[in-house]
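**Student:** here you go, sequence then predicted model.
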Amino acid sequence: MLFEFNNDSPLYRQIAEQIEEGIFTGVFPPGSQIPSTTEISRQFNINPATVLKGMNQLVASGLIEKKRGLGMFVTPSAPAQITEKRQSEFFEHYVAQFITEAQQLNLSKNDLIGLIERGYDHA
């Protein structure tokens, strides 16, 4: 996995987000081992404590689990958890705003459904 870092958010959060993305896209399938704290910190010249903080966020979320002496592994439920989280975020960030804008334009529910169907037909 290739990590890409920016200055927009703390490094530990970016590490967690990029491992989560790897789980979501199948780079790290359920049951697979993710790179160790040491591997990530050496490869990207990041403090191991920072890497561990990001990984601990994923442990707390139930996306990865520590296996003593073996490393960190993706939990069986991780992909479904990420999908559910992203669907919720999609609704909050896009659908809710979409509906608000549609109401301001006096579009009915049926009008919206028609627009969505038209969009799918052209995609």
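**Tutor:** On my side now, so go ahead.
**Student:** what ranges does the protein have for its helices?
**Tutor:** Ranges of helices within the chain are 11-25, 37-44, 48-61, 78-90, 96-104, 109-122, based on DSSP state H.
**Student:** contacts for the first one next, please.
**Tutor:** If I follow you right, that is helix 11-25. 1, 3-6, 9, 27-29, 34, 40, 46, 50-51, 53-55, 57-58, 63-64, 74, 78-79, 82-83, 86 (CB atoms under 8 Å, 6 or more residues apart in numbering). From N, CA and C alone the C-beta is placed, and that goes for glycine too.
**Student:** try 6 Å
**Tutor:** 1, 3, 5, 28, 34, 50-51, 53-54, 57-58, 74, 78, 82 (CB atoms under 6 Å, 6 or more residues apart in numbering).
**Student:** which among those residues gets closest to residue 91?
**Tutor:** Taking CB to CB as the measure, residue 91 lies nearest residue 82 of these, at 15.1 Å.
**Student:** can you check the pLDDT for that closest one?
**Tutor:** Looking at residue 82, its pLDDT reads 98.
**Student:** mind listing what it touches?
**Tutor:** So residue 82 contacts residue 24 (CB under 6 Å, 6+ apart).
**Student:** outline the domain layout of the chain.
**Tutor:** Annotated domains of the chain cover 11-76, 79-122 [automatic domain parsing].
**Student:** ok, and which of these has the densest surroundings?
**Tutor:** domain 11-76 (a mean of 16; mean count of other CB atoms under 10 Å).
**Student:** and it, what's its mean pLDDT?
**Tutor:** Rounded mean pLDDT across domain 11-76 is 95.
**Student:** ends of it, how far apart?
**Tutor:** Domain 11-76 stretches 26 Å from its first residue to its last (CA to CA, to the nearest Å).
**Student:** ok, now how distant is the residue with the largest distance to the centre of the chain from residue 97?
**Tutor:** In the chain, counting by CA atoms, centre = their mean, residue 106 sits farthest out from the average C-alpha position, at 34.5 Å. According to CB to CB, to the nearest Å, residue 106 stands 17 Å off from residue 97.
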